[in-house]
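[1] A structural model of the following input is requested.
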Amino acid sequence: MQNSEYFELLFHSSREVTPYLSGHLAHQAECYNADPHLHISKNNGEQIKALYERLSQISPEAGSAYWLTRTWDLLCWQPVYIAFISIYQLRALPNIKEMSQEIKSDFVAGYTFHHSDLTFGTNEDLISSVAQQLSELFSSYREDISQWTRIRPGFTNHLLADGLLNCIVKLQTYLPTLSNEYLLEQAKLWLEAFSLPNKHLLSLQIDTNTEQLRLVRTSCCLVYKCDGRKLCLDCPRHPDNKR
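    Alright, predicted model coming up:
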């Protein structure tokens with residue numbers, strides 16, 4: 001396949017996961033510095049702060065811990081999903097670090113690649129490569145946020161670990177032939193590539209009803225603090241997940 005065909009497959013596959021995950025390849029005239037796009041080459045602090053403040057206006061009762069957690073999850077969800085789709089469906093990796101993301105009011109949805117370069121290799125090689133890319137990208141977001149509030153690496157690492165393992169579980173939904181043993185091996189590769197402790201593997205359990213993996217997160221998104229919202233089913237605070 002030509003590189004453009006890989007990207008078309010990526011965009012089709014990502015929209016099948018969710019219509020919000022809508023991407024395209026930029027035309028030469030498109031500038032990644034243009035608002036409202038986030039890009040690693042620019043200071044995104046004010047744009048991210050504006051997102052945080054819109055969340056605080058929508059759910060003032062939830063508090064600053066929720067607003068920050070939600071902001072971070074919104075910044076990271078697309079890059080992580082794209083990494084998994086690229087590796088497990090395309091067997092190829094675009095330059096995710098250099099892609100731009102679009103902020104739409106209180107959400108982050110839509111992404112643009114500005115180069116059609118692809119990296120090919122084994123799963124292990126591609127996971128190692130994308131971990132380096134995403135680590136640099138997320139570090140830049142954390143630096144942008146640190147300009148206006150405190151954000152600890154330990155806090156973001158817990159959210160990242162849960163985000164990675166959530167995608168491992170989702171893989172079994174989209175690729176049901178993958179065994180629990182294989183997925184646990186892949187989960188270990190992802191954690192190691194990001195230098196995250198293997199103890200996070202304990203968050204993955206085998207559901208006795210479905211015989212498939214399920215996740216009990218180590219972090220809480222705090223959405224239950226929003227009026228009318230409940231604990232997520234994979235939340236460590238949920239009564240069904242108490243050990």
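
[2] Give the other helices and strands that the longest helix seen in the chain contacts.
    Identified as the longest helix of the chain according to DSSP state H is helix 123-146. Helices and strands touching helix 123-146, as assessed by 3 or more C-beta pairs under 8 Å, 6 or more residues apart in numbering; DSSP states H and E, comprise helix 45-58, helix 64-85, strand 92-94, helix 153-174, helix 180-193. Every C-beta, even on glycine, is put in place using the N, C-alpha and C of the backbone.

[3] can you redo the ones you listed as CSV with distance to residue 213, mean pLDDT and mean neighbour count?
    Formatted as CSV, the helices and strands packed on helix 123-146 follow (distance: least, C-beta to C-beta, whole Å; pLDDT from 0 to 100; neighbours: other C-beta atoms under 10 Å):
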stretch, distance to residue 213, mean pLDDT, mean neighbour count
helix 45-58, 31, 97, 17
helix 64-85, 14, 98, 21
strand 92-94, 24, 97, 22
helix 153-174, 5, 95, 18
helix 180-193, 6, 97, 17
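
[4] Now tabulate these in a markdown table and tack on distance to residue 206.
    Shown next, in a markdown table, are these (distance: least, C-beta to C-beta, whole Å):
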| stretch | distance to residue 206 |
| --- | --- |
| helix 45-58 | 35 |
| helix 64-85 | 21 |
| strand 92-94 | 30 |
| helix 153-174 | 11 |
| helix 180-193 | 6 |
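
[5] right, and the ones you listed - which one's nearest residue 3?
    With C-beta to C-beta as the criterion, residue 3 lies closest to strand 92-94 of the helices and strands packed on helix 123-146, at 8.5 Å.

[6] Distance from the closest one to the middle of the chain?
    16 Å (C-alpha atoms, centre = their mean, to the nearest Å).

[7] Over to stretch 139-149?
    On C-alpha atoms, centre = their mean, the centre of stretch 139-149 falls 17 Å from the chain's centre.

[8] neighbouring contacts of it?
    38, 40, 43-45, 48-49, 52, 64, 68, 71-72, 75-76, 151, 153, 156 (C-beta atoms under 8 Å, 6 or more residues apart in numbering).

[9] tell me, which strand in the protein spans the most residues?
    Using DSSP state E, we find that the single longest strand of the chain is strand 107-113.

[10] Residue 40: neighbour count?
    18 (other C-beta atoms under 10 Å).

[11] nearest residue to it other than its sequence neighbours?
    residue 140 (5.0 Å; C-beta to C-beta, 6 or more residues apart in numbering).

[12] Just say helix, strand or coil for residue 208.
    Of the three states, residue 208 takes coil under DSSP: H, G, I helix; E, B strand; the rest coil.

[13] What backbone torsions are found at it?
    With angles defined as degrees, to the nearest 10, residue 208 sits at phi -70, psi -20.

[14] now do residue 100
    With angles defined as degrees, to the nearest 10, residue 100 sits at phi -110, psi 150.

[15] Roughly how far does it sit from residue 204?
    Distance, residue 100 to residue 204, using C-beta to C-beta, to the nearest Å: 32 Å.

[16] Now do the contacts for the residue sitting nearest the centre point of the chain.
    With distances taken as C-alpha atoms, centre = their mean, residue 77 lies nearest the centre of the chain, 2.7 Å away. Taking C-beta under 8 Å, 6+ apart as the criterion, residue 77 is in contact with 108, 163.

[17] And for residue 153?
    Under the criterion of C-beta under 8 Å, 6+ apart, the neighbours of residue 153 are residue 142.

[18] Residue 212 now?
    Counting by C-beta under 8 Å, 6+ apart, residue 212 makes contact with 172, 180, 206.

[19] 7 Å instead?
    172, 180 (C-beta atoms under 7 Å, 6 or more residues apart in numbering).
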